[in-house]
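Trainee: Have a look; sequence and predicted model below, questions after that.
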Amino acid sequence: MSRNEGTIDRLLRVIVGLVLIALVFVGPRSAWGWIGVVPLLTGLVGMCPIYSLLGIKTCPRR
C-alpha cells in the first residue's frame, strides 16, 4: 500500500471531510454528512483506492 496523494490533495481531503462531518452536527443535520469520513480517512492515510484503480498519483516521485 503506497501513497498516491500529494500534500495539497491530502490537505483538501481532510478539510472537505471535516466540513462534511460538521454538517451532521450543525446545519441541515443530515446523515449524508457522514460521507465525509471517506475523504477524511483517505486524506489522513495518504492512499486513495480509486486513484490506485485509475493509476493516478498526485504525490511527487521518490
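Mentor: Arrived safely. Residues are numbered from 1 along each chain as shown.
Trainee: which residues touch Arg61?
Mentor: Neighbour list for Arg61: empty [criterion: CB atoms under 8 Å, 6 or more residues apart in numbering]. Every residue, glycine included, has its C-beta placed from N, CA and C.
Trainee: Where is the longest helix in this structure?
Mentor: Of all the elements of type helix in the chain, the one with the most residues (DSSP state H) is helix 7-25.
Trainee: tally of neighbours for the spatially closest residue to Gly6 that is not a sequence neighbour?
Mentor: In this structure, Gly6 finds its nearest non-sequential neighbour in Thr58, 3.9 Å apart by CB to CB, 6 or more residues apart in numbering. Thr58 has 14 neighbours, counted by other CB atoms under 10 Å.
Trainee: Roughly how far does Thr58 sit from Pro28?
Mentor: Going from Thr58 to Pro28 by CB to CB, to the nearest Å gives 31 Å.
Trainee: just Leu20 next, same as before
Mentor: Distance of Leu20 to Pro28, computed by CB to CB: 11 Å.
Trainee: the more surrounded of those two?
Mentor: It is Leu20, of Leu20 and Pro28, that has more neighbours when counted by other CB under 10 Å, with 18 against 8.
Trainee: got a list of what that one touches?
Mentor: Gly33, Trp34, Ile35, Gly36, Pro39.
Trainee: how far away is the third one from Leu41?
Mentor: Meaning Ile35. On the measure of CB to CB, Ile35 and Leu41 end up 11 Å apart.
Trainee: What of the first one?
Mentor: With distances defined as CB to CB, the gap from Gly33 to Leu41 amounts to 15 Å.
Trainee: check which helix or strand covers the residue nearest in space to the middle of the chain.
Mentor: Among the residues of the chain, Pro39 comes closest to the average C-alpha position under CA atoms, centre = their mean, at 2.2 Å. Per DSSP states H and E, Pro39 falls inside helix 37-45.
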